[in-house]
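> Pasting the sequence and the predicted model now:
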Number of protein chains: 2
Amino acid sequence: MSGPARTPLPREEFIDWLRREGQKRYHDGHRYHVLMHEGKLSRLQLQQWVLNRYYYQTRIPIKDALILAKSEDPAFRRMWIRRIHDHDGTADGEGGLALWLRLAEGVGLDREEVASCRSVLPGVRFACDAYVELVRSRSLLEAVASSLTEFFAPDIMSKRVLAWEKHYPWVSPQVLDYFRSRVTRARRDSEEAIEFVARHATAYELQERCVAALIRKTEILWHLLDCVYAAYIEPGGRLGSGRA
Amino acid sequence: MSGPARTPLPREEFIDWLRREGQKRYHDGHRYHVLMHEGKLSRLQLQQWVLNRYYYQTRIPIKDALILAKSEDPAFRRMWIRRIHDHDGTADGEGGLALWLRLAEGVGLDREEVASCRSVLPGVRFACDAYVELVRSRSLLEAVASSLTEFFAPDIMSKRVLAWEKHYPWVSPQVLDYFRSRVTRARRDSEEAIEFVARHATAYELQERCVAALIRKTEILWHLLDCVYAAYIEPGGRLGSGRA
């Protein structure tokens, strides 16, 4: 009992739809981030965010390799492969993962402890693994659409650098290089991804799937913060909506 | 009812085992290759090998991206990612896939026809897809072990360049660049892979799995030639053992 196929939205309307749905669910509005950017996190609370988020960081090159494997187009793969280099670097100690471990040391954590991921909260692990599974199981188009949270990353990164420099002076400014490096990279990455998504979502149903994939991704990022909030801000409490 | 666990073979014995099992099943002994290297293939038969083998070539960066996605180690990924660059290149018209399409034109095929993969024999497609599925479904160790047919590639590539130059003078020598480029790359790639496999196959059962994965891979390469033989050397005939 399906009606006539709905025609796809024009490009700009579709992009607006993605932006709207992503923006209102983006984790910059999560109360953990609000506390962080207002300078209200304790050292332990900041550390635990860094430690748990590292697990998410380690999933990025893995999900990007899965995206590569879904593409039949060498030109797309040449574009996308750069993201793996961005996180893995070209030598030991380089790249986004290494920068994150430097950040971890900068907030007073043990590097090996963080790198081992053994203290990651179970719910954080489930959410991050769900991201990899989403990318593994859905179409290339949806997998790329799920990356579009990077639309909103440059703002949160710029804000974070300023907030940390102001509120957490015990953290050396150099270790914030990861956030600085993401401002331009996230902009470039999200432009490439939106271009791909706009070109390939040629039916309304595909546009809907892209929006759904992006929403699921925002839920994953949100849940990560819910778990850290429940464990380190309100231990013993329940997972809440997190809306600040 | 399993007996006591068997101790793993010492490194050199394990490598010898892999080499032995791989060598005796490697497709250099397939009668299609024997005919090719003796200069006995017609133009059509050479073309159809190039066309069908191209589908295999297109699977390589995909299976290598799946291997990347299985690794938790940035250092391993930094090493392995080079294989994807080798096939995709850094710009349009570069890399192994582009070189293969130049080879296709060099033997008188239509480039777009080959690139579309629409005329690939069904059995060739099944075998190549089985390779991707093997890599997708097995452990990182077994996936890497399945790449070890590259042990034997430098010899067949060198032999092929000489044979083609001698027997198929209508093929411009420049279009053989793909084969030339593989001689040193296959050597380097197989050395890295054998090092990884020898280090990580720390139990006899793992060593057995590595050998099994390599054998399956040789069957895939062999079946590709069986299909081309059945279609273009003995059309109407059955798929045989192919042993020359």
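Cool, the structure landed. Just so you know, these numbers come straight off a predicted model, no measurement behind them. Numbering: from 1, shown residues only, chains lettered A, B, ... in the order given.
> From now on I want contacts and neighbour counts done on CA atoms only, so please keep to that.
Will do.
> A:Glu72 in helix, strand or coil?
Per DSSP: H, G, I helix; E, B strand; the rest coil, the secondary structure class of A:Glu72 is coil.
> And it, how far from B:Cys117?
From A:Glu72 across to B:Cys117, the span is 11 Å (CA to CA, to the nearest Å).
> I'd like the distance between A:Arg160 and chain B.
26 Å (CA to the nearest CA, to the nearest Å).
> So that residue is in contact with A:His37, correct?
Yes - the criterion here is CA atoms under 8 Å, and A:Arg160 meets it with A:His37 at 6.3 Å.
> Where does pLDDT dip in chain A?
Scanning chain A with the threshold set as pLDDT under 70 gives A:1-3, A:236-244.
> One more pass at 90, please.
Scanning chain A for pLDDT under 90 picks out the ranges A:1-5, A:234-244.
> got the contact list for A:Lys80?
Not Lys; residue A:80 is Trp. Going by CA atoms under 8 Å, 6 or more residues apart in numbering or on different chains, A:Trp80 touches A:Asp64, A:Leu68.
> Just want the angle from whatever helix or strand it lives in to helix B:74-88.
Using DSSP states H and E, A:Trp80 sits within helix A:74-88. Put simply, helix A:74-88 runs at 160 degrees to helix B:74-88, going by axes from the mean of the first three to the mean of the last three CA atoms, to 10 degrees.
> What angle do helix B:74-88 and the next helix or strand after helix A:74-88 make with each other?
Sequence-wise, the next helix or strand downstream of helix A:74-88 (DSSP H and E) is helix A:95-106. Between helix A:95-106 and helix B:74-88, the angle comes out at 160 degrees (the same axes, to 10 degrees).
> The very next helix or strand once past helix A:95-106 packs against which elements?
Of the helices and strands lying after helix A:95-106 in sequence (DSSP H and E), the nearest is helix A:111-116. For helix A:111-116, the packing partners by 3 or more CA pairs under 8 Å, 6 or more residues apart in numbering or on different chains; DSSP states H and E come out as helix A:43-70, helix A:95-106.
> Chain B: which of the ones you listed is closest?
helix A:43-70 (4.4 Å; CA to the nearest CA).
> circling back to that earlier point, turn the helices and strands packed on helix A:111-116 into a markdown table, including mean neighbour count.
A markdown table is the format used below for the helices and strands packed on helix A:111-116 (neighbours: other CA atoms under 10 Å in any protein chain shown):
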| stretch | mean neighbour count |
| --- | --- |
| helix A:43-70 | 22 |
| helix A:95-106 | 22 |
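> Just send those helices back as CSV, with distance to B:Gln174 too.
Putting the helices and strands packed on helix A:111-116 into CSV (distance: least, CA to CA, whole Å) gives the following:
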stretch, distance to B:Gln174
helix A:43-70, 30
helix A:95-106, 38
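> So which of the ones you listed is nearest A:Val228?
helix A:43-70 (6.6 Å; CA to CA).
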